[in-house]
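Asker: need a structure here:
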Amino acid sequence: MAIEVIIHMPNGEPILGEIDELPDAQDRLIKVQNPRMRDGKDLHFLQSNVVSVLWVIDQLSFIEILPGGEDEKIIGFVRE
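Answerer: Below you'll find the model as predicted:
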């Protein structure tokens, strides 16, 4: 199952996409499928038919992991 993420690069717009698994500490690259702007538009620096992109993890600021269908079903401890 694909994990939906938002990738943040220094001095760049956030990129929305899917990854197959979270990167490990020793990984150097991250493969992102269906990269697009947060509003769904194509990225201006990629060809229109590109489906997957490899990015060097060292060049990323951080990665946001968006909740999926299974994550939303998890009920955690809540202190009132």
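
Asker: okay, CA-based contacts and neighbour counts for the rest of this
Answerer: Will do.

Asker: Sheet partners, orientation included, of the longest strand anywhere in the chain?
Answerer: Criterion DSSP state E: the longest strand present in the chain is strand 29-37. Applying DSSP bridges to the sheet, strand 29-37 is found paired with strand 15-19 (antiparallel), strand 52-56 (antiparallel).

Asker: JSON lines for the ones you listed, including distance to I65, mean pLDDT and mean neighbour count?
Answerer: Output for the strands paired with strand 29-37, formatted as JSON lines (distance: least, C-alpha to C-alpha, whole Å; pLDDT from 0 to 100; neighbours: other C-alpha atoms under 10 Å):
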{"stretch": "strand 15-19", "distance to I65": "10", "mean pLDDT": "96", "mean neighbour count": "21"}
{"stretch": "strand 52-56", "distance to I65": "16", "mean pLDDT": "96", "mean neighbour count": "13"}
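
Asker: ok, for I6, nearest residue in space, not its chain neighbours?
Answerer: Using C-alpha to C-alpha, 6 or more residues apart in numbering and skipping residues adjacent in sequence, the residue nearest I6 is L16, 4.5 Å away.

Asker: how far away is the one you found from V56?
Answerer: L16 sits 16 Å away from V56, taking C-alpha to C-alpha, to the nearest Å as the criterion.

Asker: Distance of the residue nearest to I6 relative to S48?
Answerer: From L16 to S48 the distance is 15 Å (C-alpha to C-alpha).

Asker: Just the mean pLDDT for stretch 22-35, thanks.
Answerer: Averaged across stretch 22-35, the pLDDT comes to 95.

Asker: Use 59 as the first number from now on
Answerer: In the new count, where the first residue is 59, that last one comes out as stretch 80-93.

Asker: how far does it sit from the chain's center?
Answerer: Chain-centre distance of stretch 80-93: 9 Å, with C-alpha atoms, centre = their mean, to the nearest Å.

Asker: now swap in stretch 60-67 and tell me
Answerer: With C-alpha atoms, centre = their mean, you get 1 Å for stretch 60-67.

Asker: on that earlier part again, nearest to I121 among the strands paired with strand 87-95 would be which one?
Answerer: Minimum separation from I121 across the strands paired with strand 87-95 (C-alpha to C-alpha) falls at strand 73-77, 9.6 Å.
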